[in-house]
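>>> Got a predicted structure plus its sequence, pasted below:
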Amino acid sequence: MPVDTATFLAVAGLYVALTLAVGYLGYRQTRGAEDYLLAGRRAGPWVLALSYGATFISTSAIIGFGGVAAVYGMGLVWLTVLNIGLGILAAFILFGKKTREIGSRLGAVTFPDLLGKCFSDGFMQYAPAAIIIIGMPLYTSAILIGGARFLEKALGMPFSWAVLVLGLITAVYVIAGGLIAVMYTNSLHGIVMFAGMALLLVFTYSLLGGIVPANEALTAMAPLVPADLVAQGHTGWTSMPVPWSPIWLTLITTLVLGVGIGALAQPQLVVRFMTARDSRALGQAVLAGGPFILVMTGVTFTVGALSNVFFYREAGQIAMEAVPGGNLDSIIPAYIGLATPSWFVVLFLITLLAASMSTLSSLFHVMGTAVGFDLWQHFGGRKPSLAANRAGILVMILVSVLLAFLLPPSIVARTTAMFFGLAASALLPAFAYGLYSEVPSARAARASLVTGAAAWFSWTAFVHHAESAPLGISGLLTGSEALLPMPWQVVDPLVIALPLSVFALAAVALTDHRVPREEAPG
């Protein structure tokens, strides 16, 4: 049900004005480079938890993964388990406190800067910055696409205009206010997102007759699974696929493991730990972060799967058949637009606007500081400059917007999983090693990063069919879209690259002479 444009614009205008006002407060408190880059290292538990959660969950989760859940079913809830177990508990307790402690002691202000100072090695700062600059725009553009698709569906706004509006609104306060403005506005967005998703779950089950009838109806639809999906291992929307089948391997290796493990090495999330005022704030943030992630991801995956019940009752089609071209990124927007009253569409649009801006602002900031600090200033030996960081953010915003116009349909969830997998493969082993080793080896960290990144890119370009086919590199060089047969073509690059990265780290670390961090130069 399309909403009245004037009503939405009035509500959205008020929300954007509130966001900019909160961002202005952050701008007023930004007095130097450390404030701009790291929010002054004084974030409390609630701001920390809400900012972390709102950064973690974006339109790529709601729109992209909601559409994937409409195809694969509730097996995606295992990703919620990993998001809470790894993305919250392990991240804050095992990584967060050490990150804050070491980052503060070494004076690190970005994730690449932290790695560079942990290993006293310039390469370990420049290489992670390069990975951010090259890989993160894909993830960022996916978030732009997710938000723009909903605006397009509900308001009839041209997709290109929707992308530009989202990018422009976010750019204003990120460029001006830095990380303080980002964290303050993210806290506001997090509250709105939590309320919107909780209401969506209640509304969906009410619409479908209650929890038990809705789930039973979805279970009974198993015979409607398309034959091509059945042949790949699909058994229904409330059961797991056949173990080791193509769909099972995609669900587990790409979506669950790729995103679940990848969350531990996301630069935009790691930097949140460095903003905490003390270790106690990190521990307290877990109490708010866990329920937030549970609601945001659990509701998305549940509603995505249940949308099949709605579409079948209304149109006699399952969700992926009910949207034009089978575009998975259109399933959740179509469900909300058709199944809910206009007031809820407005509310959900604001929820998506919050989800888009919260993650976009964090990614813009991380990419921009990788350009403006880790490369431009640090590599060139220049003094810290807010102007350089602001220019870097502007450049990366333009790159992300351009990519949003170039990426194909049904790409939101995939590009998210790709960047999470790349970050885990290339950065996670060295990150963990740098935090916990008293005598870290820069050579081992380099070997791990290079091996993980090279293995991930090679498997992506030459084996993993979902990427190797459209990229065309394998076909051009070898005459085959994928070098290995099934089931290897659906095994995510993370499953291959991360163990190789760990092995390279261990092999070099065991033979290399190291200098204790306290004695290391610089």
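Here it is on my side, so go on.
>>> residue ranges of the helices in the stretch 201-350 of the chain, please?
Per DSSP state H, counting those that start in this stretch, the stretch 201-350 of the chain carries helices over the ranges 211-220, 227-231, 246-249, 258-262, 267-275, 279-315, 319-322, 331-339, 342-369.
>>> burial measure for residue 122, as a count.
The local packing of residue 122 (other CB atoms under 10 Å) involves 13 other residues. C-betas here are computed from N, CA, C, even on glycine.
>>> Start at 41, not 1
Renumbered: residue one is now 41, and that last one reads residue 162.
>>> how about it, what does it touch?
Counting by CB atoms under 8 Å, 6 or more residues apart in numbering, residue 162 makes contact with 156, 419.
>>> ok, now how distant is it from residue 151?
Computed as CB to CB, to the nearest Å, the residue 162 to residue 151 distance reads 15 Å.
>>> residue contacts, residue 329?
By CB under 8 Å, 6+ apart, the contact list for residue 329 reads 89, 92, 93, 128, 132.
>>> If we use 10 Å, what do you get?
Neighbour list for residue 329: 85, 88-93, 96, 124, 127-129, 131-132, 230, 322 [criterion: CB atoms under 10 Å, 6 or more residues apart in numbering].
>>> Residue 345 now?
Contact partners of residue 345, counting by CB under 10 Å, 6+ apart, are 106, 108-117, 254-255, 258, 276-278, 359.
>>> follow-up on the earlier one: most neighbours among the contacts of residue 329, which one?
residue 92 (35 neighbours).
>>> Run a quick neighbour tally on the closest residue in space to that residue that isn't next to it in sequence.
With sequence-adjacent residues excluded and distances taken as CB to CB, 6 or more residues apart in numbering, residue 92 is closest to residue 312, at 4.7 Å. Neighbourhood size, residue 312 [other CB under 10 Å]: 32.
>>> Let me know the next secondary structure element after the helix or strand of the chain with the lowest mean pLDDT.
When the helices and strands of the chain are scored by mean pLDDT, DSSP states H and E, helix 73-78 comes last with a mean of 67. Downstream of helix 73-78, the first helix or strand assigned by DSSP states H and E is helix 85-96.
>>> average pLDDT for the helix or strand following that following helix?
Per DSSP H and E, helix 85-96 leads on to helix 99 as the next helix or strand towards the C-terminus. Averaged over helix 99, pLDDT sits at 75.
>>> got it, and stretch 413-430?
76.
>>> what about that stretch, start to end distance?
For stretch 413-430, the first-to-last residue distance is 10 Å (CA to CA, to the nearest Å).
>>> In it, which residues are buried?
Neighbour-count burial for stretch 413-430 flags 413, 414, 415, 416, 417, 418, 424, 426, 428, 429, 430 (criterion: 16 or more other CB atoms under 10 Å).
>>> Surely the last one and residue 416 touch.
Right, the one you point to is residue 430. No: using CB atoms under 10 Å, residue 430 makes no contact with residue 416, being 11.5 Å away.
>>> shared neighbours, these two?
Shared contacts of residue 430 and residue 416, counting by CB under 10 Å, 6+ apart, come down to residue 409.
>>> what's the offset of stretch 285-294 from the middle of its chain?
In this view, stretch 285-294 has its centroid 19 Å away from the chain centroid, taken as CA atoms, centre = their mean, to the nearest Å.
>>> Quick one: end-to-end distance for that stretch.
Length of stretch 285-294, first residue to last, CA to CA: 13 Å.
>>> do the same with stretch 131-148
Span of stretch 131-148 from end to end, CA to CA: 19 Å.
>>> likewise stretch 285-300?
Stretch 285-300 has an end-to-end distance of 20 Å (CA to CA).
>>> What average pLDDT does that stretch get?
In the prediction, stretch 285-300 has an average pLDDT of 90.
>>> Stretch 224-244 now?
Here the average pLDDT along stretch 224-244 is 89.
>>> For residue 380, give me its contacts.
By CB under 10 Å, 6+ apart, residue 380 lies in contact with 41, 43, 239, 240, 243, 244, 247, 386, 387, 388.
>>> For my notes, confirm the fourth one occurs in a helix.
Yes: the assignment for residue 240 is a helix, going by DSSP: H, G, I helix; E, B strand; the rest coil.
>>> close enough to count as contact, it and residue 347?
No: the pair residue 240 / residue 347 is not scored as a contact, 11.1 Å apart, by CB under 10 Å.
>>> overlap in contacts of these two?
Each of 106, 372, 375, 376 lies in contact with both residue 240 and residue 347 under the rule CB under 10 Å, 6+ apart.
>>> So the nearest residue to the last one once chain neighbours are set aside versus residue 374, what's the distance?
Of all residues beyond its chain neighbours, the one nearest residue 376 is residue 388 (5.2 Å), with distances taken as CB to CB, 6+ apart. Per CB to CB, residue 388 is found 12 Å from residue 374.
>>> Let me have the helices of the stretch 241-390 of the chain in TSV, adding distance to residue 213 as columns.
Output for these, formatted as TSV (distance: least, CB to CB, whole Å):
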stretch	distance to residue 213
helix 251-260	40
helix 267-271	43
helix 286-289	41
helix 298-302	27
helix 307-315	16
helix 319-355	22
helix 359-362	36
helix 371-379	26
helix 382-409	7
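>>> do you know which of these lies nearest residue 199?
Ranking the helices of the stretch 241-390 of the chain by distance to residue 199, with CB to CB as the measure, places helix 371-379 first at 11.6 Å.
>>> helices or strands up against the closest one?
helix 106-112, helix 163-195, helix 199-247, helix 319-355, helix 359-362, helix 382-409 (3 or more CB pairs under 10 Å, 6 or more residues apart in numbering; DSSP states H and E).
>>> Can you list the buried residues in the helix or strand immediately after the last one in the chain?
Scanning the chain past helix 382-409 towards its C-terminal end, the next helix or strand to appear is helix 426-446 (assignment: DSSP H and E). By neighbour count on 16+ other CB under 10 Å, the buried set for helix 426-446 is 426, 428-434, 436-437, 439-441, 443-444.
>>> Find the pair from those residues with maximum spatial separation.
Maximum pairwise distance among the buried residues of helix 426-446 (CB to CB): 27.0 Å, between 426 and 444.
>>> any idea how far the residue nearest to residue 92 is from residue 132?
Taking CB to CB, one finds residue 312 at 9 Å from residue 132.
>>> any shared contact partners between the two?
88, 89, 92, 139, 322, 325.
>>> could those residues go into JSON lines alongside pLDDT?
As requested, the shared contacts of residue 312 and residue 132 are exported to JSON lines (pLDDT from 0 to 100):
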{"residue": "88", "pLDDT": "86"}
{"residue": "89", "pLDDT": "86"}
{"residue": "92", "pLDDT": "87"}
{"residue": "139", "pLDDT": "93"}
{"residue": "322", "pLDDT": "86"}
{"residue": "325", "pLDDT": "87"}
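>>> with those residues in mind, which one is nearest to residue 363?
residue 92 (32.3 Å).
>>> got the contact list for the closest residue to residue 165 other than its chain neighbours?
In this structure, residue 165 finds its nearest non-sequential neighbour in residue 156, 2.8 Å apart by CB to CB, 6+ apart. Listed by CB under 10 Å, 6+ apart, the contact set of residue 156 reads 146, 148, 150, 162-169, 414, 418, 474, 482, 485, 562.
>>> let's see it at 7 Å
When contacts are counted by CB atoms under 7 Å, 6 or more residues apart in numbering, residue 156 touches 162, 164, 165.
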